[in-house]
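Using only what follows, build the 3D model:
(4 chains)
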Number of protein chains: 2
Amino acid sequence: MIDPASGVPAWRQLADALRDRIAAGEWPPGARLPSETRLTQEYALGRTTVRRAVAALRAEGVVEVQHGWGTRVPSAREVERVTAEPGSVITTRMPTPQERAVLAVPDGVPMLVVTGPDGMADAYPGDRTRVEVR
Amino acid sequence: MIDPASGVPAWRQLADALRDRIAAGEWPPGARLPSETRLTQEYALGRTTVRRAVAALRAEGVVEVQHGWGTRVPSAREVERVTAEPGSVITTRMPTPQERAVLAVPDGVPMLVVTGPDGMADAYPGDRTRVEVR
DNA sequence: TATAATTTGTGCGTATGTATA
DNA sequence: TTATACATACGCACAAATTAT
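Presented below is the predicted three-dimensional model:
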């Protein structure tokens, strides 16, 4: 499965493989992935390498990790609709740790920033917000 | 500087310290941060811990790392203005590795997805795009 | 062109702590 | 209490990219 001589780092190959398996529906939203120990066995890799791959998927928002429980595919969020008035400006960026706590978003989830015509800016969690243009 | 008994992981404390120093202007955009080896000495931490802190800042888009050269604060990007028609929907998420390559964005930069009234979706790099509502 | 020094990247192992079931 | 699973943190070695000599 993992080819050390391919030039592609092992952790990236594993991340790609897991991403593909998730996309293929092998683990539907809410399902738990194999443990790190199991992955080290199945793919014949060190734990550091496995953790690195999982960390990459976290940063993409592809998986959520819960300490002491396991790793799962995020369930679909209830989406909040936000309407943007004409003259508004919409940007995005990763939240700071404080903003992450306020918005209650896991790793790998960006932030939507909507600045109204009056210059007032509001931040929304990127995993459960869609901005609709009136 | 780093308090191992505070309950806050050392890598997080270091990330916070560096983020604060960047925000204070100690390293302006384009400037290079101290090397990993230097940080291990200054903060009396292992390299693994230092790299973890830097990785966290990368995931936030606070720093950019270049192999063989060092770590720097990203320079300001030229911003592209995109206008959204009424009926459009704007969302955000982290790009896949393929999308990251296509958009040419570094780590820690989300993607803006603009879906027009016709259902056609366009993706833009979050670090140099602002969507303006007509 | 070649070499060395610097800096980040990859990967392994080990030990211990903490959260969950 | 026990077992399982993830988190933190250290160390080491070698590879690869960059820059200066």
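
can you give me the mean pLDDT across the helix or strand containing A:T92?
Secondary structure from DSSP states H and E places A:T92 in strand A:89-93. For strand A:89-93, mean pLDDT is 98.

elements contacting that strand?
strand A:111-115, strand B:111-115, strand B:129-133 (3 or more C-beta pairs under 8 Å, 6 or more residues apart in numbering or on different chains; DSSP states H and E). C-beta: built from backbone N, CA, C; applies to glycine.

Please repeat the previous calculation with a cut-off of 6 Å.
For strand A:89-93, the packing partners by 3 or more C-beta pairs under 6 Å, 6 or more residues apart in numbering or on different chains; DSSP states H and E come out as strand A:111-115, strand B:129-133.

possible to save those strands as a markdown table with mean pLDDT, distance to DNA strand C and mean neighbour count?
Listed next are those as a markdown table, based on pLDDT from 0 to 100; distance: least, C-beta to the nearest atom of the strand, whole Å; neighbours: other C-beta atoms under 10 Å in any protein chain shown:
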| stretch | mean pLDDT | distance to DNA strand C | mean neighbour count |
| --- | --- | --- | --- |
| strand A:111-115 | 98 | 24 | 21 |
| strand B:129-133 | 97 | 25 | 20 |
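
Contacts only, for A:V114.
A:A84, A:S88, A:I90, A:D122 (C-beta atoms under 6 Å, 6 or more residues apart in numbering or on different chains).

Close to DNA strand D: what parts of chain A are there?
By C-beta under 7 Å from any atom of the strand, the residues of chain A that approach DNA strand D are A:33, A:35-38, A:48, A:51, A:54, A:65-71.

Near chain B, which residues of chain A? Just list them.
Those residues of chain A that sit near chain B, judged by C-beta under 6 Å from any C-beta of the partner chain, are A:59-61, A:84, A:86, A:88-92, A:94, A:108, A:110, A:112, A:126, A:130-133.

Kindly supply the ChimeraX command isolating those of the residues you listed that are buried.
Restricted to buried positions by 16 or more other C-beta atoms under 10 Å in any protein chain shown, the ChimeraX selection for those reads:
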select /A:59,60,61,84,88,89,90,91,92,94,108,110,112,126,130,131,133
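
sec struct for the closest residue in space to A:E42 that isn't next to it in sequence, please.
Leaving aside its sequence neighbours, A:E42 sits nearest to A:P34 (C-beta to C-beta, 6 or more residues apart in numbering or on different chains; 6.8 Å). A:P34 falls in the coil class when you classify it by DSSP: H, G, I helix; E, B strand; the rest coil.
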